[in-house]
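Enquirer: What follows is a predicted protein model with its sequence.
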Amino acid sequence: EIERVIQVLSRRKKNNPILIGEPGVGKTAIAEGLAQKIVEGKMPETAGPFDIMRTSRLLPCLILGGLLARVLYLGEVSALPFFSDPVGDSARYLERARAILAGDLVGDRPFFYGGIFYPYLVAINLRLFGANLYPIYLAQSMAGCLLALVLHRFTLAAAGPGLSRQTTEKIALLAATICLFYGPFAFLESDLLMISWTLLLTMTAALLLLRARSVHTGGRGAVARSAASGLCLGLAASERPNLIALVPALVLWVVWFWPGRNRLRAAAALTLGACLVVFSVAALNYAATGRWVMLTTSSGINFYIGNHPGARGTFDEPWSRTDPDFTARHPDLEEASVTMASRLTGRALDPVQASDFWFSRGLEYVSTHPGETVAVLFRKLLLFWNAAELPNHLNFSFMRDATRFLWLMPLSFGLVAPLALYGAGYPGARK
């Protein structure tokens, strides 16, 4: 009844509620309950177009708008050469997908590039649609829109008890809007990379874990959601191995901060879900080479790229300055790293041994050049908190200038980062 009174008060017109009833039926109790909500600050903010009903209707419209902008951008990008003939890491995914389609299901070496499962998805696209890659790009664009919906639900689930439902809806809608019209997301979704799925899996894992915590009974529902969260996080870590570090951190959070007696079961389910994916990746690598490789063989060279003489915090092959001819003859990073490691050691190395070699070289540099390491780390921080998107095998800034429809998603890190810092560092922002 109190909620009904609040709904009447929130109307633009005919907003005068009348409580009618016999003595003793609770009219005064309703008025006192309403007064208590006003004192506690739990009344909705009646701000016209931002009421709860209207925000719930606005979200589907925003998602459709984000999808339409992505489709228009895909149509424009599809005329470019690298759309159907990818370059860089994307080319390796397509090459592996074609091998899978030809019957080579496990390969002949551990997968170097992150996302060992992604080529299987690309192979399904090739099987269904031939050489046409547009369907998988469209699927990734839809995944980007689904990410906005998951982020909206996560924001609602993560809201503190001091926020009114109306305020929470506004914040969730703002988060979804930023996600839908964030230009770099659409740019990455139109490339043959797993990152769009990784973002969706990571946010889904976070949402499932929050909802598992809200199951007060702590029974099968919490355990099942925790296990599903671990599966999603493990799949995300198969593409971005550093995400695996979140698993022990989240397990500690569950054990120490969750209510109820079943938090240990939930923590075990979370761990089991993540370990199941990691074991699957290791099993695929073992089937390919007879050696257990947990995720990828690129960790060593990636670590050395960031920690070597002349490192500047960006992608820069360590031998590109000293031996440009070698760089030109070996454009593939996996093949180049193994070949150069074999040359430097004087013996033939396999990808696992080459990764170990580069990792040890990186550790040696860090231990012998601590000052330079700190300076490079500081430069990496500056590059991270930078409005410009650093190019990889494709350049976001170039695509922004060369296309019209990418401007339909105008938001960038230069806008999102200050908002994030403001929300995290200024206590008044949370009010």
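Expert: Happy to help now that I have it. What you see is a predicted model; the values in this text were computed from it and never measured. Residues are numbered from 1 along each chain as shown.

Enquirer: tell me, what residue is most central in the protein?
Expert: Nearest to the mean C-alpha position of the chain, by Cα atoms, centre = their mean, lies residue 199 at 2.0 Å.

Enquirer: shaky segments in the stretch 101-250 of the chain?
Expert: Applying pLDDT under 70 to the stretch 101-250 of the chain picks out residues 161-162, 216-219.

Enquirer: where exactly do the helices run in the stretch 201-350 of the chain?
Expert: For the stretch 201-350 of the chain, the helices defined by DSSP state H, counting those that start in this stretch occupy 220-239, 246-257, 263-289, 299-306, 324-329, 333-345.

Enquirer: I'd like to know how many residues surround residue 66.
Expert: The tally of other residues near residue 66 (other Cβ atoms under 10 Å) stands at 25. Any C-beta I mention is one placed from the backbone N, CA and C, and that applies to glycine too.

Enquirer: Quick check on it: phi, psi?
Expert: Taking degrees, to the nearest 10, you get phi -60, psi -40 for the backbone angles of residue 66.

Enquirer: Could you do residue 182 as well?
Expert: When read as degrees, to the nearest 10, the backbone of residue 182 gives phi -90, psi 110.

Enquirer: So what does the spatially closest residue to it that is not a sequence neighbour look like in phi/psi?
Expert: With sequence-adjacent residues excluded and distances taken as Cβ to Cβ, 6 or more residues apart in numbering, residue 182 is closest to residue 411, at 4.7 Å. When read as degrees, to the nearest 10, the backbone of residue 411 gives phi -70, psi 140.

Enquirer: thinking again about what came up before, would you agree the residue nearest to the centre of the chain is in contact with residue 145?
Expert: No: using Cβ atoms under 8 Å, residue 199 makes no contact with residue 145, being 11.9 Å away.

Enquirer: separation between residue 154 and residue 229?
Expert: For residue 154, the distance to residue 229 (Cβ to Cβ, to the nearest Å) stands at 12 Å.

Enquirer: where do the contact lists of these two overlap?
Expert: Common neighbours of residue 154 and residue 229 (criterion: Cβ atoms under 8 Å, 6 or more residues apart in numbering): residue 206.

Enquirer: higher neighbour count, those two?
Expert: More neighbours surround residue 229 than the other of residue 154 and residue 229, with 28 against 21 (other Cβ under 10 Å).

Enquirer: got a list of what the more buried one touches?
Expert: Counting by Cβ under 8 Å, 6+ apart, residue 229 makes contact with 204, 205, 206, 208, 209, 212, 250, 270, 273.

Enquirer: ok, 6 Å please
Expert: By Cβ atoms under 6 Å, 6 or more residues apart in numbering, the contact list for residue 229 reads 205, 208, 209, 270.

Enquirer: Once you drop chain neighbours, what's closest to it?
Expert: residue 208 (4.0 Å).

Enquirer: I'd say the one you found and residue 227 touch.
Expert: No: contact criterion Cβ atoms under 6 Å: residue 208 and residue 227 do not qualify, at 9.0 Å.

Enquirer: These two - which one has more neighbours?
Expert: Ranked by neighbour count (other Cβ under 10 Å), residue 208 and residue 227 place residue 208 first, with 25 against 22.

Enquirer: How about the contacts made by that one?
Expert: By Cβ under 6 Å, 6+ apart, the neighbours of residue 208 are 225, 228, 229.

Enquirer: 8 Å - rerun?
Expert: Residues counted as contacts of residue 208 (Cβ under 8 Å, 6+ apart) are 225, 226, 228, 229, 232.

Enquirer: before we move on, what about residue 276?
Expert: 230, 231, 234.

Enquirer: Make JSON lines from these and add neighbour count and distance to residue 419 to it.
Expert: Output for the contacts of residue 276, formatted as JSON lines (neighbours: other Cβ atoms under 10 Å; distance: Cβ to Cβ, whole Å):
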{"residue": "230", "neighbour count": "28", "distance to residue 419": "30"}
{"residue": "231", "neighbour count": "22", "distance to residue 419": "31"}
{"residue": "234", "neighbour count": "27", "distance to residue 419": "31"}
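
Enquirer: What is the nearest of those residues to residue 400?
Expert: residue 234 (34.0 Å; Cβ to Cβ).

Enquirer: How about the closest one: what's its closest non-neighbour residue?
Expert: residue 277 (2.8 Å).

Enquirer: Next, the contact list for that neighbour, please.
Expert: Residue 277 neighbours (Cβ under 8 Å, 6+ apart): 230, 231, 234, 235, 237, 238.

Enquirer: Can you tell me how far it is from residue 110?
Expert: Remark: distance between residue 277 and residue 110 (Cβ to Cβ) = 16 Å.

Enquirer: Over to residue 347?
Expert: Look at residue 347 and residue 110: by Cβ to Cβ, they are 19 Å apart.

Enquirer: Just want to know which of those two has more residues nearby.
Expert: Neighbour totals were compared for residue 347 and residue 110, and residue 110 leads with 26 against 9 (other Cβ under 10 Å).

Enquirer: show me the contacts for the more buried one.
Expert: Counting by Cβ under 8 Å, 6+ apart, residue 110 makes contact with 285, 288, 289, 291, 293, 296, 297, 351, 352.
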